[in-house]
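Asker: sequence and predicted structure, then a few things I'm wondering about:
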Amino acid sequence: MSPLGLLLISVLVFAGGAFLALLCFKSDRISIYLSGIAGVIGSLASLAASLPVMLEGSVVNYANAGLFPFTHFTVRFDPLAAFMVFVIALLVLIASIYSFSYVQEYEGRGAWTMGFFMNLFVASMLVLMVVDNAFYFLVFFELMSLSSYFLVIFDQNEEAVNAGFLYFLIAHAGSILILGSFLIFWWQTGSLDFEAFRGAQLSAPLASLAFVLAFFGFGAKAGMVPLHSWLPRAHPAAPSHASALMSGVMVKVGIFGIIKVGVDLLHATTVWWGILVLTIGAISAVLGVLYALTEQDIKRLLAYSTVENVGIILMGVGVGMIGLATQQPVLAVLGLLGALYHTLNHAMFKGLLFLGAGSIIYRTHTRNMEELGGLARTMPYTGMAFLVGAMAISALPPLNGFVSEWFTYQALFNMSLHGEFILRFCGPVAVVMLALTGALAAMCFVKLYGITFSGMPRSEYAAHAKEAPAPMVFAVVLLAAICVLLGLCAPLVAPVIAGIASSLAGGVVVNVAQGTLILPGNAEQAVLSLPLLTILLIALPFVPMVIGALMKGSRLARRHEGDPWACGYIHDAKMVISSQGFAQPMRFMFAPLFRLREQLNPSRPLHAGMHASINGAARSEAVIDTYIITPIIRVAHWLGGWIQWLQHGDLRVYCLYVVAALVVLLLVTVA
Amino acid sequence: MPNIDSILFAIIQAAILFLIAPIFTGISRVMRAKMHSRKGPGIFQDYRDLVKLMKRQDVASAASGLMFRIMPYELLGSVLLIAMVIPVFSLASPLGMAGDLITIAYLFAFSRFIFSVSGLESGSPFAGLGASRESTLGVLVEPTMILALLVAALICGSTNVGSISVAIATGQVQAPTAIFMAFIAFGFAVYIEMGKLPFDMAEAEQELQEGPLTEYSGQSLAILKWGLALKKVVVASMFVGIFLPFGTTTSMSPGTLLIAAVLYLIKLLAVYLLTGLLENSMARGRFLLTSRVTWVGFGVASLSFVFYLAGL
């Protein structure tokens, strides 16, 4: 079966699952199963569709002249689209398995609508990846935003509704910017097909305008600073498997859009576009993780960390675009490789962490870290998987997050070596910001894992939590295994992704793997063997174990019991450092950056703007009343008075009118 | 895969660093005592401590789970890995394919991550605070370390630490001032990583570096103490190996290696004496104000970057 056929089936399965869930509104249980099964089948079909395209690097096209000239339905399944479909489908597959147990939490609270919106959300994302016409692109983009909006407000409480409203506003502000960008293309080419956009000869200022509009439009969806503020509010409000998809893949649609417009449609011809992307990426990375660090709500923390990772991905995209603009194909491929690899990795570990957070909420019904603690003992498998995810997202070797950041580092290093002064300046600055991000991320996830899973339980719920149900455990453990494999098997994965990157960068082949080694184009610059690293990291801890066993002597068996030492006082769980306390040094040392958040927060200006426009509307309404409506009414009244006088109701007067009319008519005809 | 010789060489190098690590912590202790006009415990005291601890029972709180037990071994393992990668006796990195400078920086982050988690794992108030401070120090020191190494790497055109030390040793350096500034900045970072005043007081319980150790005892404590001692030797060796590679060798003949080893020990001793001197003439600072001091290190690193851009 052809890849497009499979993709069509997959989309139909998702759509079918959505409507079946809708039909079964009488039984939440059935609709949970139906939408879950549709998710599994649909994503398997999508995986099967995307793999051959991704591995062979071929492009599949399909075109159908729609009803109207602007609805020319064209589909283009290129390696980038296939890669995105693959990432989406992989996470959807696991989230669907997870949903079988997790959504039962929502039984009796309208779980069927959740199934509907979830499947619709995934279907619209899948179609969005392959459509090659601006009209359909915007339609499906909107469908994706709306269906996820309904997932955000699912809980219907004040927090969720407010978050949903903010999301709605920012998503639509983004849509309008994207629309503006596409209108420029349309104005210049007279067509809405991306194929025509690709060949468009835009003048430099117009191309820049189109790029900047699209960059900020898609950036709002990706959650980059300064358009990030909806993310830490909307993602936590949604049910956890939906937040996993929103944070794991939906923000990547924003990245996809930036690559699509910047690289695919506009061919990244100008250097400063890349520098802009790199700068915003670096700022997003540092600020995102810094704000994540001081959160005590698990899901808000994870959402801020998504801002950070989007920043890291954008840094790669920026380097890739700089490489294209300065005709350095190796640099372009390296940057895009780092970005795409991190896109895949982030989907996996952020999915894992959000699903893990969901399991915690499922068992303890709190998202507040200060009330958790000690869960590693009561939820051992979830805890293990969560630790792997925390280490992967902190970019610790040899896990997957490290590999993609390594490629990003190498791309930045490569950029700093040659070229203009501005590039040699920006590269190392970005490297330092990436290093700072890495250290902050490590601290952030030490805190997340340590406060939640280690130590003593801080509340009753945490003390009596049980391991999550089997499908949920299976989902997080599977994701943890994927995180390990994507790191360990980097020599196999990197060439595939480099192939996709080179298909975007004009087909230059860059050697990124040799045997068990990965390398950034040339072996002089650096080589790294992840399998060797992994073997050593597993083998070397045995050295001290053996030494310990040899020097055992008459040592007694281990005794782990009682309270920790508290300087002679009776130990209390409240004495142990809280999540706020853990992050306190950062709050103190980076105080200006935290103040910046208050200033960057758009909800206050938005609120003020809203008030101003409501007030203005109220005031202008009064103005219209006084000066337009009231005079009109007065004139009407006055006229009415006269007409009333005419309409006397007396038959004789009416007869007089008839006579008068006759006389007038006669006079007119005679004259 | 690497050839057997280089693996063997890397293992021997790591083993030597592993075995000499307690002598150097002993030297610091003796030196500290002498400067306090005390007699001091003798430079082999740390070996005696380790042997004694190994025989003691492992006692910890009930909260200490599986991670708490595994972490000491992982910590020592990750530092041993760095010890295999850095150029110490030879100019080239013995096992360059297991780590360039980015990997090394992240391996340090790995050990710090593990150390901090183990602190939180014990459920002790002191260990938790120590974990927070340890991570904070990482945030403050890592950018300086990466920037200093990056400048050196840019000048030499490779992120392989071996290639950098080869370039510096053979004098093929276009920007000597920049390298010198990078050397100072990296030295600053190393000083912090070695857990010295005013940033830290490595010998005190309830202090930063030893903070997460509060609940450890017996064999686990011995392994952790050894791991921390090794980490200090490893960062000092990295400093010596990358920025002061004079006298180390490219050939693998026993004679030259022996000379290189002796020279290395002298250089390492000099580093330890210098840091000891600095440390004992410093006052303890408020932890929250540490960032004001570390800006100096970062400033020097930035300066080296500016010099590199100017080609000086």
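Answerer: Nice, thanks for sending it over.
Asker: could you report the neighbour count for A:Phe165?
Answerer: Using other Cβ atoms under 10 Å in any protein chain shown as the criterion, A:Phe165 is surrounded by 18 other residues. Where you see a C-beta, it was placed from the backbone N, CA and C, and this is true even at glycine.
Asker: list the buried residues for the strand or helix carrying it?
Answerer: Taking DSSP states H and E as the criterion, A:Phe165 maps to helix A:158-189. For helix A:158-189, burial by neighbour count (16 or more other Cβ atoms under 10 Å in any protein chain shown) applies to A:160, A:163-172, A:174-175, A:177-182, A:184-186, A:188-189.
Asker: now the phi/psi pair for the spatially most central residue of chain A, please.
Answerer: To find the centre residue of chain A, average its C-alpha atoms and take the closest one (Cα atoms, centre = their mean): that gives A:Val251, at 1.7 Å. As for A:Val251, its main-chain torsions (degrees, to the nearest 10) stand at phi -60, psi -30.
Asker: roughly how far apart are it and A:Cys655?
Answerer: When distances are taken as Cβ to Cβ, to the nearest Å, A:Val251 and A:Cys655 turn out to be 82 Å apart.
Asker: quick one: the helices in the stretch 351-500 of chain A, in order.
Answerer: Per DSSP state H, counting those that start in this stretch, the stretch 351-500 of chain A carries helices over the ranges A:375-378, A:380-393, A:400-417, A:421-453, A:460-463, A:470-488, A:490-504.
Asker: would the third one count as contacting chain B?
Answerer: Spelled out, it's helix A:400-417. Yes - using Cβ under 8 Å from any Cβ of the partner chain, helix A:400-417 reaches chain B at A:Phe402, A:Trp406, A:Tyr409, A:Gln410, A:Phe413, A:Ser416, A:Leu417.
Asker: that helix to helix A:470-488, inter-axis angle?
Answerer: 30 degrees (axes from the mean of the first three to the mean of the last three Cα atoms, to 10 degrees).
Asker: could you give the angle of helix A:400-417 to helix A:380-393?
Answerer: Put simply, helix A:400-417 runs at 0 degrees to helix A:380-393, going by the same axes, to 10 degrees.
Asker: which of the residues in helix A:400-417 are buried?
Answerer: By neighbour count with 16+ other Cβ under 10 Å, helix A:400-417 contains the buried residues A:400-417.
Asker: and the longest one, by the same measure?
Answerer: For helix A:421-453, the neighbour count (16+ other Cβ under 10 Å) marks A:423-424, A:426-453 as buried.
Asker: mean confidence score for it?
Answerer: Summarised as a single mean, pLDDT over helix A:421-453 is 92.
Asker: how far out from the middle of the chain is that helix?
Answerer: Here the centre of helix A:421-453 is set off from its chain's centre by 20 Å, with Cα atoms, centre = their mean, to the nearest Å.
Asker: which stretches in the stretch 51-200 of chain A count as helices?
Answerer: Going by DSSP H, counting those that start in this stretch, the stretch 51-200 of chain A shows helices at A:79-102, A:111-130, A:134-152, A:158-189, A:194-198.
Asker: between these, which gets nearest to chain B?
Answerer: Set against chain B and scored by Cβ to the nearest Cβ, those come closest in helix A:79-102, at 24.1 Å.
Asker: which helices and strands does the closest one pack with?
Answerer: Counting by 3 or more Cβ pairs under 8 Å, 6 or more residues apart in numbering or on different chains; DSSP states H and E, the packing neighbours recorded for helix A:79-102 are helix A:3-23, helix A:28-56, helix A:111-130, helix A:240-245, helix A:251-259, helix A:329-364, helix A:470-488, helix A:490-504.
Asker: low-confidence ranges, chain A, go.
Answerer: Applying pLDDT under 70 to chain A flags the ranges A:66-67, A:69-70, A:600-603, A:606, A:621, A:648, A:671.
Asker: all helices of the stretch 201-350 of chain A, in order?
Answerer: Defined through DSSP H, counting those that start in this stretch, the helices belonging to the stretch 201-350 of chain A, from first to last, are A:204-222, A:231-237, A:240-245, A:251-259, A:271-293, A:298-325, A:329-364.
Asker: for A:Glu56, which of those is the nearest?
Answerer: helix A:329-364 (16.9 Å; Cβ to Cβ).
Asker: the closest one to helix A:251-259, inter-axis angle?
Answerer: Orientation of helix A:329-364 against helix A:251-259 (the same axes, to 10 degrees) gives an angle of 160 degrees.
Asker: tilt between helix A:329-364 and helix A:271-293?
Answerer: Computed with the same axes, to 10 degrees, the direction of helix A:329-364 lies at 20 degrees from that of helix A:271-293.
Asker: for residue 153, which non-adjacent residue is closest in space?
Answerer: Here I'm looking at chain A. Across the structure, with Cβ to Cβ, 6 or more residues apart in numbering or on different chains as the measure, the residue nearest A:Ile153 apart from its sequence neighbours is A:Gly164 (3.8 Å).
Asker: that answer is for a different chain, and I need it for chain B
Answerer: Taking Cβ to Cβ, 6+ apart as the measure, B:Ala153 lies nearest to B:Thr159, with 4.9 Å between them; neighbours along the chain are not counted.
Asker: list the backbone torsions phi and psi for that neighbour.
Answerer: According to degrees, to the nearest 10, B:Thr159 has phi -90, psi 0.
Asker: so who does it touch?
Answerer: A:Tyr409, A:Gln410, A:Phe413, A:Gln525, A:Ala526, B:Asp100, B:Leu101, B:Ile102, B:Ala153 (Cβ atoms under 8 Å, 6 or more residues apart in numbering or on different chains).
Asker: hmm, back to that, got CSV for the helices of the stretch 351-500 of chain A, with distance to A:Pro226 too?
Answerer: Conversion of the helices of the stretch 351-500 of chain A to CSV gives the following (distance: least, Cβ to Cβ, whole Å):
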stretch, distance to A:Pro226
helix A:375-378, 35
helix A:380-393, 23
helix A:400-417, 22
helix A:421-453, 16
helix A:460-463, 36
helix A:470-488, 30
helix A:490-504, 27
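Asker: for B:Ala33, which of these is the nearest?
Answerer: For B:Ala33, the closest of these is helix A:421-453, at 34.2 Å, according to Cβ to Cβ.
Asker: so what's residue 288 up against?
Answerer: Using chain A. Listed by Cβ under 8 Å, 6+ apart, the contact partners of A:Gly288 are A:Val225, A:His228, A:Tyr304, A:Ser305, A:Thr306, A:Val307, A:Glu308, A:Asn309, A:Val310, A:Gly311.
Asker: you looked at the wrong chain, it should be chain B
Answerer: The contact partners of B:Leu288, taken as Cβ under 8 Å, 6+ apart, are A:Pro585, A:Phe588, A:Met589.
Asker: ok, now how distant is the second one from B:Arg112?
Answerer: With distances taken as Cβ to Cβ, A:Phe588 is found 20 Å from B:Arg112.
Asker: right, I'll call it a day here.
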